[in-house]
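# Quick one: sequence and predicted model below, then my questions.
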Amino acid sequence: MSKDTLTITDNRTGKTYELPIENGTVRAIDFRQIKVSDDDFGMMVYDPAFTNTAATKSSITYIDGDAGILRYRGYPIEQLAEQSTFLETAYLLMNGELPTRAELDGFVHAITIHTMVHENVREFIDSFRYDAHPMGIVVSTVAALSTFYPEAKDIQDPEVRKLQAIRLIAKIPTLAAYAYRHRRGLPYVYPDNDLSYAGNLLNMLFRMREVRYEPNPVIEKALDVLFILHADHEQNCSTNAMRSVGSSHVDPYSATAAACAALYGPLHGGANEAVVRMLQEIGSPKNIPAFIDRVKAGDVRLMGFGHRVYKNYDPRASVIKRLAYQVFDEVGQNPLIDTAIELERRALADDYFKERKLYPNVDFYSGLIYQSMGLPMDLFPVLFAIGRMPGWLAQWEEMLRDREQKIARPRQIYLGSDKRDYQPISLRG
Ligand code: CMC
């Protein structure tokens, strides 16, 4: 008869243990009873990079990496990209349900009236070096926001948490745009409350001397869809950083700064920038075979390909590929697209990529769209951070409400020296 348990025999002692299975999972702590002697600490599980460890139960995002499925709160990403807006999706992620008209209006209003940042923030962005990477500015300024809202420390109060979440979603585009304008030596543009979330970001990035900035509706819509596609992705590196740092009960600005820092890395949110640099380096479709040989030799990675979870086409990449052509129809073809298409075609036909189930991920085409919108490469991870903000906040909220969560603190297997006595420097060889 089948039972929801796992029986383990420890061949060192001959003892047998029966562990309960819940949701297809056994609890790592149940292994601790497996000991060779009474003073044995007990067995642990070893899982560098958490490749097979669930660190939480979650109801936010579902991914089936083999089937190429991504859903937020049960809704397929393709439907949200097609029919929702970024702020509606943000509400869904953070509250669990799609909003009514009144709820959505209230949420959009709350975001819109919190887009300004304190003038001191503008001033200290000014003091960054003229060529500071915008992501470095964003990591620092998000952290600095905690000093403007000291009440944010009260993370046990749901209303306080809600207000900080609104502030973070509202202010991150402002910080992003200021970081960009600083780099360009342009005056900062204040938020325009009459524009949409994406439209206002375009206004703060690109407005020059015009009395009123009118965003291009195709670009505005494309940006909004890109934000939806990036809004959450379950326990990825930056979300894990948000949860892990947040588990110390620090304020959400500090935890979000940690998430932004994780996103900055080239293996995570920095990949879209790395893809464009890679395509520029390849230069033209005729150089692709030689580049693929270098990838297969292990000299370089094919950026924008491969994913820890997806072993199939990333569903976000399919939406982005279609979106890219809508943007190109509006602003002109990105000259790198031919190289990208041919690179994808050749890689998907190559045994190296087939055997390892390496497919294009969300970053393979997103950088080309951003570039066609006139955005510099080092702003790409910042745009990713804007999109991911509601996901980080939803995951942080879920973590704080989860009675099983505690401060995150992994174990280690110590393989260093045994006890040895200190030698004065004069006696060391
Ligand atoms: N190019 C060439 N080979 C690759 C690539 C790649 N992009 N990705 C994985 N491989 C190979 C890897 O060398 C290994 O081969 P072998 O078994 O012979 O040693 C095998 O595939 C498995 O790779 P892995 O490094 O164990 O896979 P991982 O799950 O640890 O890494 C990844 C996932 C996303 C870090 C990796 O695929 C990668 O570096 N991709 C390029 C960077 C990128 O596009 N990142 C964006 C990810 S999507 C957005 C986000 O979540 O931030």
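Now that the structure is in, tell me what you want to look at.
# quick one: which helix or strand includes the residue nearest to Leu98 when sequence neighbours are not counted?
Among residues not flanking Leu98 along the chain, Leu92 sits closest, at 5.3 Å (CB to CB, 6 or more residues apart in numbering). For every residue, glycine as well, the C-beta is placed using N, CA and C. Per DSSP states H and E, Leu92 falls inside helix 86-95.
# Please apply the same query to Glu330.
Assessed by DSSP H and E, Glu330 sits inside helix 315-331.
# Over to Thr7?
Thr7 belongs to strand 5-10, assigned by DSSP H and E.
# ok, residues contacting that strand?
15-21, 26, 34, 36, 43 (CB atoms under 8 Å, 6 or more residues apart in numbering).
# Just give the number of residues close to Ile407.
9 (other CB atoms under 10 Å).
# wait, doesn't it sit right on Ser247?
Yes: using CB atoms under 8 Å, Ile407 makes contact with Ser247 at a distance of 4.9 Å.
# In the stretch 51-200 of the chain, what residue comes closest to the ligand?
Thr51 (7.3 Å; CB to the nearest ligand atom).
# Hmm, that residue is touching Arg308, no?
Yes: between Thr51 and Arg308 a contact is recorded at 7.4 Å, counting by CB under 8 Å.
# neighbour-wise, which of the two wins?
Arg308 (14 against 7).
# I'd like the distance between the more buried one and Ser58.
16 Å (CB to CB, to the nearest Å).
# Could you pull up the mean pLDDT of whatever helix or strand Met389 lives in?
Here Met389, judged by DSSP H and E, is contained in helix 380-401. The pLDDT scores in helix 380-401 average 97.
# Can you list the buried residues in it?
Buried residues in helix 380-401, counted by 16 or more other CB atoms under 10 Å: 380-400.
# what do you get for stretch 126-134?
Neighbour-count burial for stretch 126-134, counted by 16+ other CB under 10 Å, picks out 128, 132-134.
# Other residues contacting it?
136-137, 176, 179-180, 182-183, 185, 378-379, 382.
# Please tell me how far the closest residue to the ligand within the stretch 201-350 of the chain sits from Ala67.
Ranked by CB to the nearest ligand atom, the top residue of the stretch 201-350 of the chain for proximity to the ligand is Gly306, at 2.4 Å. As judged by CB to CB, Gly306 and Ala67 stand 17 Å apart.
# ok, now Ile77?
To Ala67, Ile77 is 13 Å away according to CB to CB.
# now Val189
Here the criterion is CB to CB. By it, Val189 lies 43 Å from Ala67.
# Who has more neighbours out of these two?
Each of Val189 and Ala67 has its neighbours counted (other CB under 10 Å); Val189 has more, 18 against 11.
# Can you tell me how far the more buried one is from Ile172?
16 Å.
# mind listing what's buried in the helix holding Leu92?
For helix 86-95, burial by neighbour count (16+ other CB under 10 Å) applies to 86-94.
# And the helix or strand following it, what does it pack against?
Sequence-wise, the next helix or strand downstream of helix 86-95 (DSSP H and E) is helix 101-112. Where contact means 3 or more CB pairs under 8 Å, 6 or more residues apart in numbering; DSSP states H and E, helix 101-112 is packed against helix 86-95, helix 158-184.
# Give me whichever of those is most buried.
Using mean count of other CB atoms under 10 Å, the stretch among these with the largest mean neighbour count is helix 86-95, at a mean of 24.
# and Phe31, how far is that from the ligand?
Distance of Phe31 to the ligand, computed by CB to the nearest ligand atom, to the nearest Å: 24 Å.
# if I look at that residue, how far off is Thr13?
14 Å.
# So for those two, which residue has more residues nearby?
Neighbours per residue (other CB under 10 Å) separate Phe31 from Thr13, with Phe31 holding more: 15 against 12.
# Mind pulling up the pLDDT for the closest residue to the more buried one other than its chain neighbours?
Leaving out its chain neighbours, the residue that sits closest to Phe31 by CB to CB, 6+ apart is Met43, at 4.4 Å. Confidence at Met43, expressed as pLDDT, is 98.
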